[in-house]
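[1] Build me a model:
(one chain, ligands or ions: 1)
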Amino acid sequence: MKMSKVLMTGAIGLVSLGLAACGGGGSSSGSGSADAGSGATKVFKLAFNQTDQHPQYAAGVELGKRLEEVTDGRYSVKVYPNEQLGGQADVIQNLSNGTVELMWVGGPVLEGFNKDFVVFNLPYVFDSVDAQLAVLSDQEALDPLFTSIEDSKQITVLAGVNAGVRNVYNSKHAVRTPEDLNGLKIRVQQSDSQVRMIELMGAVASPMNNGETYSAMQTGVLDGAENNEVTWDALKHSEVAKYYSYTRHLIIPDYLLMSTKALDAMSQEDQAALMELLPEIQKIANDGFAAFTQESIDHATSIGAQFNDDVDVAAFKARVQPLVDESVNENDVRKGLYDLIQQANAANPAK
Ligand code: GCU
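    Down below sits the predicted model:
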């Protein structure tokens with residue numbers, strides 16, 4: 001097995017020691033363009049499918065600023081929000097061929113490249129966001145998974161971040177039991193696990209890019225979707241599907257991906273400097289998420305959205321258990337990742 005790019009940074013040395021200490025300022029939220037400066041700067045394109053209000057946008061901009069500092073202007077980042085470079089399932093192909101260097105992606109999309117990623121995308125496997133954060137910060141345990149698609153797809157997973165807790169919402173009525181989902185057409189992320197999950201929960205599955213969901217709901221092609229409050233409100237789904245019900249079925253990560261070709265083209269020192277930035281970038285994305293969730297709830301409430309927290313979670317859990325069992329028991333890698341989750345759950349129980 002080749003040496004992990006992420007872990008090798010420790011061996012190369014502390015190129016940018018002290019950077020975290022000087023970089024603690026607020027995240028910028030300006031144009032999204034970390035200005036390239038000198039003509040020699042290589043500006044990495046970072047594809048993003050949410051708005052420029054989202055904490056992952058701010059984290060991407062911050063990554064550009066800091067990368068420029070630590071590489072003396074050799075590299076920077078420009079974030080392209082709102083699916084400007086395409087929906088996640090499409091743009092990931094451009095990452096693979098190196099025409100886009102960076103992207104934020106929802107976990108399920110990676111199942112298309114290595115099915116073992118499924119373990120983190122299963123319903124009700126994480127007991128709390130803190131348990132998920134504990135797993136996502138265990139770089140050493142995650143390294144084999146994160147580097148598993150470098151050879152086959154030329155994609156390196158740089159970091160995983162929290163992307164909230166996902167719940168179902170629709171234009172018809174509050175959802176309390178699996179029966180309430182009966183016949184409702186619900187959008188899910190593009191993967192077999194997500195399709196099967198929502199079917200077991202009682203609905204009709206419709207996998208599609210996130211950016212297509214609003215108009216599909218507006219025109220009645222879809223009855224609803226499932227997502228965190230942030231995406232539901234920022235993409236205006238809260239206007240057309242106002243019944244938001246706390247099924248709490250998923251705590252699913254987003255990942256920051258990089259084209260392995262682009263990474264390999266950097267000097268070892270610049271790669272190491274990039275890797276050292278990641279924990280802080282991860283933290284900016286995670287911290288911003290919690291705050292933005294509350295703002296989203298407040299805004300959705302102000303436009304008349306209806307929240308329902310009277311949900312029979314046990315019933316939904318029982319329905320999806322076969323999916324969890326089948327997926328985890330498939331091989332030893334998955335069992336190992338599932339054990340990691342269980343350890344994190346024991347240390348970080350639901351509050
Ligand atoms: C969340 C997640 C995105 C994902 C989206 C989706 O918003 O942060 O990465 O694309 O859900 O449902 O597609």
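[2] Tell me how far the residue nearest the centre of the chain lies from Ala205.
    Centroid-nearest residue in the chain, with C-alpha atoms, centre = their mean: Asp254, separated by 1.3 Å. For Asp254, the distance to Ala205 equals 21 Å [C-beta to C-beta, to the nearest Å]. For glycine as for every other residue, the C-beta is placed from the backbone atoms N, C-alpha and C.
[3] Could you give the average pLDDT over the strand or helix carrying the residue nearest to the centre of the chain?
    Following DSSP states H and E, one finds Asp254 within strand 253-259. Mean pLDDT, strand 253-259: 98.
[4] for stretch 57-64, same thing?
    Across stretch 57-64, pLDDT averages out at 98.
[5] do the same with stretch 313-326
    For stretch 313-326, mean pLDDT rounds to 98.
[6] Which of the residues in that stretch are classified as buried?
    By neighbour count on 16 or more other C-beta atoms under 10 Å, the buried set for stretch 313-326 is Phe316, Lys317, Arg319, Val320, Leu323, Val324.
[7] repeat for stretch 170-181
    By 16+ other C-beta under 10 Å, the buried positions in stretch 170-181 come out as Asn170, Ser171, Ala174, Val175, Arg176, Pro178, Asp180, Leu181.
[8] The closest residue in space to the third one that isn't next to it in sequence bridge partners, please.
    Spelled out, that is Ala174. In space, and not counting its chain neighbours, Ala174 is closest to Asn308: 3.8 Å by C-beta to C-beta, 6 or more residues apart in numbering. For Asn308, the beta-bridge partners are Ser245 (DSSP bridges).
[9] Test my guess that Asn308 contacts Thr177.
    No. Here Asn308 does not reach Thr177: they are 11.4 Å apart, not a contact under C-beta atoms under 8 Å.
[10] returning to that earlier point: residues contacting the residue nearest to Ala174?
    Ala174, Val175, Arg176, Tyr243, Tyr244, Ser245, Tyr246 (C-beta atoms under 8 Å, 6 or more residues apart in numbering).
[11] if we take the residues you listed, which one ends up nearest to the ligand?
    Proximity of those to the ligand (C-beta to the nearest ligand atom) peaks at Tyr244, which lies at 14.2 Å.
[12] residues contacting that closest one?
    By C-beta under 8 Å, 6+ apart, the contact list for Tyr244 reads Asn167, Val168, Tyr169, Glu229, Trp232, Ser238, Ala300, Ala305, Gln306, Phe307, Asn308.
[13] What subset of those is buried?
    Using 16+ other C-beta under 10 Å, the buried ones in the contacts of Tyr244 are Asn167, Val168, Tyr169, Glu229, Trp232, Ser238, Ala300, Ala305, Phe307, Asn308.
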